[in-house]
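# structure for the following, please:
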Amino acid sequence: MKNDVETGSGNVFADIGLLDAGQELLKARLILQVRRVILSRKLTQAAAANLLGTTQPQVSGLMRLRPTSLSVGRLIEFLTILGQDIEVKVTPASSNRSGRVVVNAAA
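Residues are numbered from 1 along each chain as shown. Next comes the predicted model:
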């Protein structure tokens with residue numbers, strides 16, 4: 001049996017060919033952080049939905065790490081409501097490549 005293993009790019013969304021891969025990766029990382037905070041605060045989905053001004057089904061989707069129709073802006077709003085600071089830093093891209101977005105979340 002031959003083991004064909006392909007090394008990924010670090011962005012699964014790019015690896016599967018999505019055109020907006022950077023945006024999807026950013027959303028996934030923000031969703032993960034929202035989920036972590038909700039779990040650490042031991043909020044029920046209903047309590048989290050009430051706090052965030054959204055619906056319990058929307059929070060359920062976040063908690064299951066399912067793709068949602070939430071924008072990056074709304075996810076950032078959720079994080080600030082949950083008491084998280086958001087820092088945006090813009091710098092020129094190195095070499096002649098397109099810019100990238102990185103999310104560094106504190107543990």
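# any idea how far stretch 24-35 is from the chain center?
Its chain's average C-alpha position is 1 Å from that of stretch 24-35, according to Cα atoms, centre = their mean, to the nearest Å.
# equivalent analysis for stretch 77-85, please.
13 Å.
# same question, stretch 49-69
That offset, for stretch 49-69, works out to 13 Å (Cα atoms, centre = their mean).
# just the C-alphas of it, formatted as PDB.
The C-alpha trace of stretch 49-69 is given here as PDB (Å, rounded to 0.1, in the frame of the first residue of the first chain):
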ATOM      1  CA  ALA A  49     -27.200  34.100  22.300                       C
ATOM      2  CA  ASN A  50     -28.900  36.600  24.600                       C
ATOM      3  CA  LEU A  51     -25.600  38.200  25.500                       C
ATOM      4  CA  LEU A  52     -24.500  38.400  21.900                       C
ATOM      5  CA  GLY A  53     -27.800  39.600  20.500                       C
ATOM      6  CA  THR A  54     -28.200  36.600  18.200                       C
ATOM      7  CA  THR A  55     -30.200  33.400  18.100                       C
ATOM      8  CA  GLN A  56     -29.500  30.100  19.900                       C
ATOM      9  CA  PRO A  57     -29.300  28.200  16.600                       C
ATOM     10  CA  GLN A  58     -26.600  30.700  15.500                       C
ATOM     11  CA  VAL A  59     -24.600  30.000  18.700                       C
ATOM     12  CA  SER A  60     -25.200  26.300  18.200                       C
ATOM     13  CA  GLY A  61     -23.500  26.600  14.800                       C
ATOM     14  CA  LEU A  62     -20.600  28.400  16.300                       C
ATOM     15  CA  MET A  63     -20.200  25.800  19.000                       C
ATOM     16  CA  ARG A  64     -20.100  23.000  16.500                       C
ATOM     17  CA  LEU A  65     -17.600  25.000  14.400                       C
ATOM     18  CA  ARG A  66     -19.900  24.800  11.400                       C
ATOM     19  CA  PRO A  67     -19.700  27.400   8.600                       C
ATOM     20  CA  THR A  68     -22.000  30.300   9.400                       C
ATOM     21  CA  SER A  69     -23.200  33.300   7.500                       C
END
